[in-house]
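Colleague: Generate a structure from the sequence data that follows.
(one chain, ligands or ions: 1)
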Amino acid sequence: MSAPVMRVHGGTPEAVDPMDRGLHYGDGIFRTLRMVGGLPVAWPFHVARLTHDCGRIGLPPPDPDALAADVAALFADGSDGILKILITRGVGGRGYTPPSTAEACCRLYRFAPAAHPPEHADTGIILGHSGMALGCQPALAGIKHCNRLEQVLARRECADHGWPEALMGTADGRLVCGTMSNLFAVVDDAVVTPAIVDAGVIGATRQRLIEACRAAGRSVMETDIHPAALARAEEIFVCNSAMEIWPVRQWAEQHYPVGPFTRWCQAQLAAACAGF
Ligand SMILES: C=C(O[C@@H]1C=C(C(=O)O)C=C[C@H]1N)C(=O)O
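Modeller: Numbers count the residues shown, from 1 in each chain. The predicted model follows:
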């Protein structure tokens, strides 16, 4: 299968084909990452997730070298920002049946640095709780696909309540992730993060932290997390590639300190160098 067509969206946004399957059916995947000095943060983790996600839905993954060259060109001015890599199945076929010959269409979007309040990473946040239950679908679990209406509606809840972030769970009571983040906690002195088996996204930052913990000889349990366990956690944080880590100071009626594991994880991420 040929390499995807690379389209760079810089200061001159190109028109998206109105028949693009990403627009019609959410037939695509994306990743969002920080750019520092024109260079990507955690590039290998994002390329690995992009390649994995493309494979899961039958899209030809972008050639890593061609992708890196286009990202470098988009941020040739050496600035900081947010890069979004959006890969759709492009144009083809009418109806859900994916055309067998469609080439993937890979677009790069450049945004200003994330406008998250810097104090969230320092002093922490009040974490809300979304009433939007996540749909359970093992075939899509972990993939950052373009079907994000659950997150859109959950972000509207956050805006209505003034929450910077909110937890989302499944109808059977498992806590899975934030609206735009992954969750970590220390419970009974063990590091836990929700197992992503039928809902949620495997974020690159989640994977960086799991790898850092294991390199430091600290195990991370990817497991089901229910409210009762989180209520007795010693510390909690949420993370994604734009915010990096936000300590949680309050969730529901529970209050938490900014704990040593959270600060250690922040230091691990801060020590990373940007680059391809
Ligand atoms: C929604 C997008 O990306 C998610 C949101 C953030 C954020 O707002 O901090 C960061 C990474 C993703 N989890 C997007 O459209 O890029």
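Colleague: distance of Asp63 from Val47?
Modeller: 10 Å (CB to CB, to the nearest Å). For the C-beta atoms, the positions are set from N, CA and C on the backbone; glycine is no exception.
Colleague: My error: substitute Ala112 in the last question.
Modeller: Counting by CB to CB - Ala112 and Val47 are separated by 23 Å.
Colleague: cool, Gly275 as well?
Modeller: Noted for Gly275: a distance of 12 Å to Val47, by CB to CB.
Colleague: Same drill for those two, tell me which one is more crowded.
Modeller: Per other CB atoms under 10 Å, whichever of Gly275 and Val47 has more neighbours is Val47, with 21 against 13.
Colleague: ok, the residue nearest to the more buried one when sequence neighbours are not counted - how many residues close by?
Modeller: Excluding the flanking residues, the one nearest Val47 by CB to CB, 6 or more residues apart in numbering is Pro64, at 5.2 Å. Residues near Pro64, counting by other CB under 10 Å, number 15.
Colleague: Could you report the distance from Pro64 to Ala216?
Modeller: Taken as CB to CB, the span from Pro64 to Ala216 is 28 Å.
Colleague: now the strands: where do they sit in the chain?
Modeller: 5-9, 28-36, 39-40, 81-88, 105-111, 125-129, 165-169, 175-178, 182-187, 190-194, 220-223, 235-240, 244-251, 254-255 (DSSP state E).
Colleague: Could you export those as TSV, including mean neighbour count and mean pLDDT?
Modeller: Shown next, in TSV, are the strands of the chain (neighbours: other CB atoms under 10 Å; pLDDT from 0 to 100):
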stretch	mean neighbour count	mean pLDDT
strand 5-9	15	48
strand 28-36	22	97
strand 39-40	20	98
strand 81-88	20	93
strand 105-111	20	89
strand 125-129	21	98
strand 165-169	25	98
strand 175-178	25	98
strand 182-187	23	98
strand 190-194	19	98
strand 220-223	14	98
strand 235-240	26	98
strand 244-251	23	98
strand 254-255	12	98
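Colleague: Pass me the low-pLDDT residue ranges in the stretch 51-200 of the chain, would you?
Modeller: Low-confidence segments of the stretch 51-200 of the chain, defined by pLDDT under 70: 101-102.
Colleague: Smallest gap between it and the ligand, at which residue?
Modeller: Met180 (3.9 Å; CB to the nearest ligand atom).
Colleague: so what's the backbone phi/psi at that residue?
Modeller: In terms of degrees, to the nearest 10, the main-chain angles of Met180 are phi -140, psi 20.
Colleague: And Leu153, how close does it get to Pro194?
Modeller: 20 Å.
Colleague: Correction: the previous question concerned Arg49.
Modeller: From Arg49 to Pro194 the distance is 17 Å (CB to CB).
Colleague: Ok, Gly259 next?
Modeller: Gly259 is 18 Å from Pro194, by CB to CB.
Colleague: ok, Arg218 - contacts?
Modeller: Each residue near Arg218 by CB atoms under 8 Å, 6 or more residues apart in numbering is listed here: Val191.
Colleague: Since that was my last question, I'll sign off now.
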